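Participant: Just the structure for this:
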Amino acid sequence: MQVYELTRSSWMVGLLGLAQLPLLIAGSLIGGALADAHDRKRLLVLANVTPLVCSLGLAFNASRPGHGSLWPIFLFTALQAGLSGLDSPTRNAVTPELVGTDLITAAAALNQILYQVGGVAGPTIAGLVIAQFGLSAAFWLEVFTYGAALLLLVRLRALPPPQGARRAGVASVLEGLRFLRGRRALQGTFIVDINAMVFGMPRALFPELAATVFGGGARTVGLLHAAPGAGALLGAVASGWTSRVRYPGRAVLWAVAVWGVAIAGFAATSSLPLAVALLAVAGAGDVVSAVFRGTILQTTVPARLRGRLNAVHISVVAGGPRLGDAESGAVAAVAGPRFSAISGGVACVVGVAVLARLLPQFSSWTAEEALAEAARLEAADAEPPGEPSPA
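Facilitator: Numbering: from 1, shown residues only. Here you go, the predicted model:
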């Protein structure tokens, strides 16, 4: 919202997401390799210290007259994106070791509940704080939350790398990427999400749509940002049924199709309550997709590679929306924000149909195959490692 206040351009809002992408991808790939080679608690602490400093920079910038300058926003958010590439793969990599293979789907659903609580509370609180106390107050609140997270992280026990870990470097990154070769179900989890986020993620348009279609300000922008998270939270809380689904890949395709239809419907209406409801439906579809994609990933990747493959996952999950910001902002600059969001939702649904035909292994992949693959990988990793774990 700060960028839109400074520029009145959805294109510039989209460029903000695009500017974060290079550091996000680089940080994820490097962070994944480090997560497979070093104590993960130390990495998590490091990954939360630097973003706190960046939040301080954003807070000071927003405190300046006229909402501050544009370049610090691009700089500090790009640095935060890069550090999130270290944090997210590290956190995701330890999940299977903590809960066991048979509870991975339930753990993925629980993680989504926690994530979506933040997705709902964050934009809602931010919108209220900005409307009541100003933009800088929202950034100071972010500084406080980073500090609270650090206090919790330092209390964690040590989380050493798994057996068979190899030293972090270019070779270890390439080893993780080579693991994807020939695994069409695993590849499908990434490609389907890229389709959904690049074409069907209209968040860069929220400030302009709030001002020009729904006639609101900061509160309306916050409501639009919070609505997908609210729907995702409800979907995650009611996700107990996901552990009984036999075809996770097929469920992902249906969930992404729901996302695309709901996004197109959101952009077509001028009713704020209906728009919020449709964004919530989109969020519910997204969380179902996320649960099943996470299950496929965690059950088909051996422990020694989970950091690196989760890094690829984070690059897609966090990078796709940023490409979507640029895509939707560019189309909006030419044809308007409503056309941009509607066409993106339609393109998302068309993409699902194409991917279902091109990746039959993904839609036919079963939960039984997941468990068999997990057992095979665990047996392979139980063999003596070829290279000792680094000190």
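Participant: Next, count neighbours for residue 111.
Facilitator: 17 (other Cβ atoms under 10 Å). Backbone N, C-alpha and C define where each C-beta goes, glycine included.
Participant: helices or strands up against whichever strand or helix holds it?
Facilitator: Here residue 111 sits within helix 104-133, counting by DSSP states H and E. Packing partners of helix 104-133 (3 or more Cβ pairs under 8 Å, 6 or more residues apart in numbering; DSSP states H and E): helix 70-99, helix 135-153, helix 218-237, helix 272-300.
Participant: at 10 Å what do you get?
Facilitator: helix 70-99, helix 135-153, helix 218-237, helix 272-300, helix 367-381 (3 or more Cβ pairs under 10 Å, 6 or more residues apart in numbering; DSSP states H and E).
Participant: and the first one, which residues are buried?
Facilitator: Across helix 70-99, burial judged by 16 or more other Cβ atoms under 10 Å covers 72-96, 99.
Participant: on that earlier part again, tell me, which of the helices and strands packed on helix 104-133 is the model least confident about?
Facilitator: Mean pLDDT is lowest for helix 367-381 out of the helices and strands packed on helix 104-133, coming in at a mean of 64.
Participant: Residue 136 contacts residue 57, doesn't it?
Facilitator: No - counting by Cβ atoms under 10 Å, residue 136 does not reach residue 57; the two are 11.8 Å apart.
Participant: hmm, back to that, would JSON lines of the helices and strands packed on helix 104-133 with distance to residue 177 be doable?
Facilitator: Shown next, in JSON lines, are those (distance: least, Cβ to Cβ, whole Å):
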{"stretch": "helix 70-99", "distance to residue 177": "14"}
{"stretch": "helix 135-153", "distance to residue 177": "29"}
{"stretch": "helix 218-237", "distance to residue 177": "29"}
{"stretch": "helix 272-300", "distance to residue 177": "14"}
{"stretch": "helix 367-381", "distance to residue 177": "17"}
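Participant: Looking at those, which is nearest to residue 172?
Facilitator: helix 70-99 (12.7 Å; Cβ to Cβ).
Participant: So what angle separates the directions of the closest one and helix 135-153?
Facilitator: 30 degrees (axes from the mean of the first three to the mean of the last three Cα atoms, to 10 degrees).
Participant: so how far is helix 70-99 off the chain centroid?
Facilitator: 10 Å (Cα atoms, centre = their mean, to the nearest Å).
Participant: try stretch 305-320
Facilitator: 9 Å.
Participant: Give me the below-cutoff pLDDT ranges for the stretch 101-250 of the chain.
Facilitator: Within the stretch 101-250 of the chain, the stretches with pLDDT under 70 are 101-105, 112, 115-116, 118-120, 162-169.
Participant: Next, count neighbours for residue 235.
Facilitator: Neighbours of residue 235 (other Cβ under 10 Å): 26.
Participant: Span of stretch 54-74 from start to end?
Facilitator: 11 Å (Cα to Cα, to the nearest Å).
Participant: OK, contacts around the residue nearest to residue 227 when sequence neighbours are not counted?
Facilitator: Of all residues not flanking residue 227 in the chain, residue 279 sits nearest, at 3.6 Å (Cβ to Cβ, 6 or more residues apart in numbering). Listed by Cβ atoms under 10 Å, 6 or more residues apart in numbering, the contact set of residue 279 reads 202-203, 206, 223-231, 262-263, 265-266.
Participant: try residue 353
Facilitator: 253, 257.
Participant: immediately after the strand or helix carrying it, which helix or strand?
Facilitator: Applying DSSP H and E as the criterion places residue 353 in helix 337-358. For helix 337-358, the succeeding helix or strand toward the C-terminus, using DSSP H and E, is helix 360-364.
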